[in-house]
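Colleague: this one's sequence-less:
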């Protein structure tokens, strides 16, 4: 992933079309899976495919204007584009096409991951414990833990989304972790 | 002997990583998706080139002081 920001910075300085397309081929597989997971947890297919495509186009064509210098800044920028596009979609479309992935569906996905036969006994134990933590979290904590740990959003990304300060998000997640850990143990 | 529970943060982080990895495996990137993005890059590049051309004046358009033909009286 460290290569990602290097590739984007190179893209920014590249003028030739062939070179840009070559860089896009390298950058695209690094960004697409995270964006796909994020979008598919918020919007159901087939609308999800359309929104995802819009997001990916906006990210790639906007890369020449991106001014950040770290992977964190880059991901924050990508998620911010994704959030805006999702909000546009929510406004445009009828709600029946836009039910997000329910906690039960997410839980099924998590269970399938934990049941993965190729995992070691130790890893399985850790994942089962993590699943127990999520299941026992209060609804507001569940949302924060899901966003931060399952989707990989940073404190900063969540802060921007929730219009909170970085510090309050960090504190909230810390408290949620302490709370659920004591509940489960 | 029961296994000791790991740190909550570490366990959740591990779960997130595994989940994203599994999701990516189940949903390979469609070739069409990359092609659509590349088309958008081509379009963007053409726009940039057009804007660049419009910014720079063409060599033939360089304004040089035009020499007016001399007045007949001045030639004498």
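Modeller: Received it, and whenever you're ready, just let me know what you need. Remember, it's a predicted structure, so these values are computed and weren't measured experimentally.
Colleague: okay, CA-based contacts and neighbour counts for the rest of this
Modeller: Noted.
Colleague: tell me how many other residues surround residue A:156.
Modeller: 19 (other C-alpha atoms under 10 Å in any protein chain shown).
Colleague: could you report the pLDDT at it?
Modeller: Reported pLDDT at residue A:156 in the predicted model: 90.
Colleague: can you pull the contacts of the spatially closest residue to it that is not a sequence neighbour?
Modeller: Nearest residue to residue A:156 in three dimensions, chain neighbours excluded: residue A:166, at 5.4 Å (C-alpha to C-alpha, 6 or more residues apart in numbering or on different chains). Listed by C-alpha atoms under 8 Å, 6 or more residues apart in numbering or on different chains, the contact partners of residue A:166 are A:155-156, A:159.
Colleague: and if we set it to 10 Å?
Modeller: A:154-160 (C-alpha atoms under 10 Å, 6 or more residues apart in numbering or on different chains).
Colleague: can you give me how far the helix ranked longest in chain A is from the chain middle?
Modeller: For chain A, the helix with the greatest residue count under DSSP state H is helix A:17-40. How far helix A:17-40 lies from its chain's middle: 15 Å, per C-alpha atoms, centre = their mean, to the nearest Å.
Colleague: which strands or helices does it pack on?
Modeller: If you count contacts as 3 or more C-alpha pairs under 10 Å, 6 or more residues apart in numbering or on different chains; DSSP states H and E, helix A:17-40 packs onto helix A:2-13, helix A:47-62, helix A:71-92, helix B:8-26, helix B:31-55.
Colleague: ok, residue 16 - contacts?
Modeller: Chain wasn't specified; assuming chain A. Per C-alpha under 10 Å, 6+ apart, neighbours of residue A:16: residue B:45.
Colleague: try chain B instead
Modeller: Taking C-alpha under 10 Å, 6+ apart as the test, what residue B:16 contacts is A:110, A:113, A:127, A:130, A:145-152, B:10, B:22.
Colleague: just the pLDDT for it.
Modeller: 90.
Colleague: follow-up on the earlier one: mind checking which of the contacts of residue B:16 are buried?
Modeller: Buried subset of the contacts of residue B:16 (neighbour count, 16 or more other C-alpha atoms under 10 Å in any protein chain shown): A:110, A:113, A:127, A:130, A:145-152, B:22.
Colleague: one step back: quick one: closest of the helices and strands packed on helix A:17-40 to residue A:37.
Modeller: In this view, the helices and strands packed on helix A:17-40 are compared for proximity to residue A:37 by C-alpha to C-alpha, and helix B:8-26 is the closest at 7.0 Å.
Colleague: buried ones in the closest one, by neighbour count?
Modeller: Going by 16+ other C-alpha under 10 Å, helix B:8-26 has these buried residues: B:8-9, B:11-24.
Colleague: just want the angle from that helix to helix A:17-40.
Modeller: Interaxial angle, helix B:8-26 versus helix A:17-40 (axes from the mean of the first three to the mean of the last three C-alpha atoms, to 10 degrees): 120 degrees.
Colleague: so what are the domain limits for chain A?
Modeller: A:3-95, A:103-184 (automatic domain parsing).
Colleague: so where is chain A shaky, pLDDT-wise?
Modeller: A:1-2, A:93-103, A:117 (pLDDT under 70).
Colleague: nearest the geometric middle of it, what residue?
Modeller: Geometric centre of chain A, nearest residue: residue A:151, 3.8 Å, by C-alpha atoms, centre = their mean.
Colleague: tell me how far it lies from chain B.
Modeller: 7 Å (C-alpha to the nearest C-alpha, to the nearest Å).
Colleague: report the contact partners of the residue of chain A found nearest chain B.
Modeller: Residue of chain A nearest chain B, by C-alpha to the nearest C-alpha: residue A:150 (3.9 Å). By C-alpha under 10 Å, 6+ apart, the contact set of residue A:150 is A:37-38, A:106, A:110, A:144, B:12-20.
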